[in-house]
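Peer 1: Here you go, sequence then predicted model.
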Amino acid sequence: MPAIGIDLGTTNSCLSIVEGGVPEVVVNAEGERTTPSVVAFTKDGERLVGALAQRQSAMNPARTVSSVKRHMGTSWRKDVDGKDLSPQELSAMILRKLRRDAERFTGQDVTDAVITVPAYFNDMQRNATKDAGAIAGLNVLRIINEPTAAALAYGLDHGDSQLVMVYDLGGGTFDVSVIEIADGVIEVLSTAGNNHLGGDDFDERLTEHLISAFEAQSGVSLTGDEMARQRVREAAEAAKRELSSLESTTVNLPYLAQGPEGPVHLEQTVTRTQFDQLTRDLVDATTDAVNQALNDAGIAASELGEVLLVGGSTRIPAVQEHVRRLTGKTPSSSINPDECVAKGAAIQAATLSAARSGCTDLMPRGGDLLLLDVIPISFAIETVGGVATRVIERNTTLPVHYEQVFTTAASFQTKVEINVMQGERPMAADNRSIGKFMLKGIKRAPAGTPQINVSFDIDANGILTVTAKDLGTGNEQSITITDSERLSDEEIQQAIRDAERYEAEDAAKRASMEERTEAEQLVAQAQEKLKESGKEMDKDDKRRLKASVANVQRCLAKRPEKMKEEDKANFTSAVSELKSLLP
């Protein structure tokens, strides 16, 4: 069974699989190499994913969801017709479509996958991504960082010893990693980034600029007109792409809104200089992360052998020039910024699959590369006085095992709550709490007497698990992780059932539409036959054909969603009968 690599992106997602030892991008059902990370719901309850969802977004903005990745690991929900959908469930719809594309491509069932995440994703965001994979029916072999995946794809053909910086500016996130490639080992030395900086922000700047210009010229406000604003967003994204190769472009949106004297149109020329001015601070915002990554790795920019640009937003000329100024290097053009992350994930997927099965035929060419990743954000524990006591430092190589002995702060405590955080700030309140661990059943004793050994294990996915042991009694104690923003096991199983049910319903709807199309074609064919050969036909044959056509037409007159099981059976029977009467 093949294992796939998935780049689950904010704006677009990409799927890859290793064939003949080489990672290949899988073309989706629409014939494209990337799939828009967009989900939509029709009024009839049908779920649309990818290009189909994106195409109808301007006409159906309230039921269309994009940039879900920015909400992973949070309590954000999307209300669709009274049902709250989590980021995990929405992302699973995208992953399920990619999985089906992979199965269509390979002709086999596909369940094993490696999914990439931004290097700066925290524990909750990584867990949420893994949960999304489970809901989509995928066995997630590994969660790996996007810059690391890009370096893996690059290292497959560039195994010479060198230091590489991966500058990854995608649709919604930004990461930069310093990676060393040497002696068949790809080792991440440092990583830094921003989970809320990406192409979406560039689009929003240009969108607001166009709306302001339109309102100033026409006197018509677009406030509250979500359909018009969505049209402007789509035009802004298209203009951004055009400005990567042109010095200016014209945005033309006819009939954008209704004014006092009739329809009002938007026609606005935008130059690359204007766009650069609007987004200069966004480009500059990547500077600190680049410097931090270099400092944490303990190297100067002049020591870098290559700088790899990853993510569609790195096509912006101002971004490329900024990277050139920061590093003194002309970025490499040897990898495709939209596809290299998925290819790296596919390499890792094939390597893990080969190791599990023992089948060396599955191993990618150069698959003996060893991948050593790091923790992007430090782990800390809240101690007395609200201090964040650092437990595991950022850029520690994965996997990690760490133990520390804790004790009680007050006399005769029978339980201890340990608040675990991720962040770099000295005070607990300034960091992100990722879980609270409650240790119960402690023997009553003076403060400082109980000895509680807490062990922290971070796996290759960067996901934390915790166990505890009371050294006084030798008994292991259970610790409950309470994270309100994660889905429970029961919620995940329910989401899996919902996904399978909706997939079956969508398949039934497609089958119904195909049957109706076939019925309409048969009716047209029969009517043409009656028109051309009616006089020559046997009277009984003619009567049967006319009756059969009428029967099918009666069935077609009923709305699909109103048809009962008996109606559907009659429809299928009527179509079958009409088909038998035609050559």
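Peer 2: Okay, I see it.
Peer 1: how about the helix or strand harbouring residue 127: buried residues?
Peer 2: Applying DSSP states H and E as the criterion places residue 127 in helix 123-135. The neighbour-count check on helix 123-135 (16 or more other Cβ atoms under 10 Å) flags 123-135 as buried. Where C-beta positions appear, they are placed from N, C-alpha and C, glycine not excepted.
Peer 1: Just the closest of those to residue 321, please.
Peer 2: Nearest to residue 321, judged by Cβ to Cβ, of these is residue 125 at 30.9 Å.
Peer 1: isn't that closest one right next to residue 68, touching?
Peer 2: No - Residue 125 sits out of contact with residue 68 when judged by Cβ atoms under 8 Å, with a separation of 11.9 Å.
Peer 1: so who does residue 269 touch?
Peer 2: Residue 269 makes contact with 248, 249, 250, 251, according to Cβ atoms under 8 Å, 6 or more residues apart in numbering.
Peer 1: The stretch 51-200 of the chain: strands as residue ranges?
Peer 2: Secondary structure of the stretch 51-200 of the chain (DSSP state E, counting those that start in this stretch): strands located at 64-66, 78-80, 83-85, 112-117, 139-145, 162-169, 174-182, 185-194.
Peer 1: Packing partners of the last one?
Peer 2: Which is strand 185-194. Contacts defined by 3 or more Cβ pairs under 8 Å, 6 or more residues apart in numbering; DSSP states H and E place strand 185-194 against helix 146-155, strand 174-182, helix 287-297, strand 370-372.
Peer 1: Give me the residues contacting the last one.
Peer 2: Surrounding strand 370-372, the residues in contact under the criterion Cβ under 8 Å, 6+ apart are 144, 148, 152, 184, 185, 186, 187, 188, 348, 397, 398.
Peer 1: Put the alpha carbons of stretch 399-419 into PDB.
Peer 2: As requested, the backbone C-alpha atoms of stretch 399-419 are provided in PDB (Å, rounded to 0.1, in the frame of the first residue of the first chain):
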ATOM      1  CA  PRO A 399      12.800  13.000  20.000                       C
ATOM      2  CA  VAL A 400      13.400  14.200  23.600                       C
ATOM      3  CA  HIS A 401      13.000  12.600  27.100                       C
ATOM      4  CA  TYR A 402      13.300  14.800  30.100                       C
ATOM      5  CA  GLU A 403      12.700  14.200  33.800                       C
ATOM      6  CA  GLN A 404      12.400  16.600  36.700                       C
ATOM      7  CA  VAL A 405      11.400  16.200  40.300                       C
ATOM      8  CA  PHE A 406       8.700  18.500  41.700                       C
ATOM      9  CA  THR A 407       7.300  18.900  45.200                       C
ATOM     10  CA  THR A 408       4.400  20.600  47.000                       C
ATOM     11  CA  ALA A 409       4.300  24.400  47.700                       C
ATOM     12  CA  ALA A 410       1.900  24.100  50.600                       C
ATOM     13  CA  SER A 411       1.700  21.700  53.500                       C
ATOM     14  CA  PHE A 412      -0.600  18.700  53.400                       C
ATOM     15  CA  GLN A 413      -1.500  19.000  49.700                       C
ATOM     16  CA  THR A 414      -3.200  15.900  48.300                       C
ATOM     17  CA  LYS A 415      -3.000  17.000  44.700                       C
ATOM     18  CA  VAL A 416      -0.800  19.200  42.500                       C
ATOM     19  CA  GLU A 417      -1.700  21.000  39.300                       C
ATOM     20  CA  ILE A 418       1.200  21.500  36.800                       C
ATOM     21  CA  ASN A 419       0.600  24.100  34.100                       C
END
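Peer 1: how close does the closest residue to residue 71 other than its chain neighbours get to residue 172?
Peer 2: Nearest-residue entry for residue 71: residue 87, 4.3 Å, with adjacent residues in sequence omitted and distances by Cβ to Cβ, 6 or more residues apart in numbering. Between residue 87 and residue 172 the distance, using Cβ to Cβ, to the nearest Å, works out to 12 Å.
Peer 1: shared neighbours of those two, which are they?
Peer 2: With contacts taken as Cβ under 8 Å, 6+ apart, residue 87 and residue 172 have residue 69 as neighbours in common.
Peer 1: Check the offset of stretch 84-102 from the chain's centre.
Peer 2: Stretch 84-102 has its average C-alpha position 8 Å from the chain's average C-alpha position, going by Cα atoms, centre = their mean, to the nearest Å.
Peer 1: buried set for that stretch?
Peer 2: Residues of stretch 84-102 classed as buried by neighbour count (16+ other Cβ under 10 Å): 85-102.
Peer 1: Then stretch 278-292?
Peer 2: For stretch 278-292, a neighbour-count test (16+ other Cβ under 10 Å) marks 278, 279, 282, 283, 286, 289, 290, 292 as buried.
Peer 1: about what we covered before: closest one of the contacts of strand 370-372 to residue 464?
Peer 2: Among the contacts of strand 370-372, residue 398 lies closest to residue 464 (Cβ to Cβ), at 11.0 Å.
Peer 1: and residue 514, what element?
Peer 2: Counting by DSSP H and E, the element that carries residue 514 is helix 489-533.
Peer 1: That helix: what's the following helix or strand?
Peer 2: Once helix 489-533 ends, the next helix or strand along the chain (criterion: DSSP H and E) is helix 539-556.
Peer 1: Break this protein down into its domains, please.
Peer 2: Under the assignment named as automatic domain parsing, the residue ranges that make up the domains of the chain are 4-197+285-372, 199-282, 379-487, 490-580.
Peer 1: which one of those domains is the most hemmed in?
Peer 2: Mean neighbour counts were taken over the domains of the chain using mean count of other Cβ atoms under 10 Å, and the top value, a mean of 21, falls to domain 4-197+285-372.
Peer 1: Return the mean pLDDT over that domain, rounded to an integer.
Peer 2: For domain 4-197+285-372, the mean pLDDT works out to 91.
Peer 1: Please determine how far residue 19 is located from residue 102.
Peer 2: Summarising the geometry, the distance separating residue 19 from residue 102, computed by Cβ to Cβ, is 12 Å.
Peer 1: ok, now residue 408?
Peer 2: Distance from residue 408 to residue 102, counting by Cβ to Cβ: 53 Å.
Peer 1: go on, residue 529?
Peer 2: Here the criterion is Cβ to Cβ. By it, residue 529 lies 44 Å from residue 102.
Peer 1: do residue 114 as well
Peer 2: Residue 114 sits 12 Å away from residue 102 when distances are taken as Cβ to Cβ.
Peer 1: what sits in contact with each of these two?
Peer 2: What both residue 114 and residue 102 touch, as defined by Cβ under 8 Å, 6+ apart, is the set residue 4.
Peer 1: Tell me where the stretch 301-450 of the chain has helices.
Peer 2: Counting by DSSP state H, counting those that start in this stretch, residue ranges of the helices within the stretch 301-450 of the chain are 317-327, 340-357.
Peer 1: I'd like those as a markdown table, with distance to residue 200 appended.
Peer 2: A markdown table is the format used below for the helices of the stretch 301-450 of the chain (distance: least, Cβ to Cβ, whole Å):
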| stretch | distance to residue 200 |
| --- | --- |
| helix 317-327 | 14 |
| helix 340-357 | 18 |
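Peer 1: mind listing what the residue nearest to residue 300 when sequence neighbours are not counted touches?
Peer 2: Spatial nearest neighbour of residue 300, chain neighbours left out: residue 294 (6.9 Å); criterion: Cβ to Cβ, 6+ apart. Taking Cβ under 8 Å, 6+ apart, we find residue 294 in contact with 165, 178, 190, 300, 301.
Peer 1: and if we set it to 10 Å?
Peer 2: Taking Cβ atoms under 10 Å, 6 or more residues apart in numbering as the criterion, residue 294 is in contact with 165, 176, 178, 189, 190, 192, 300, 301, 303, 304, 326, 327.
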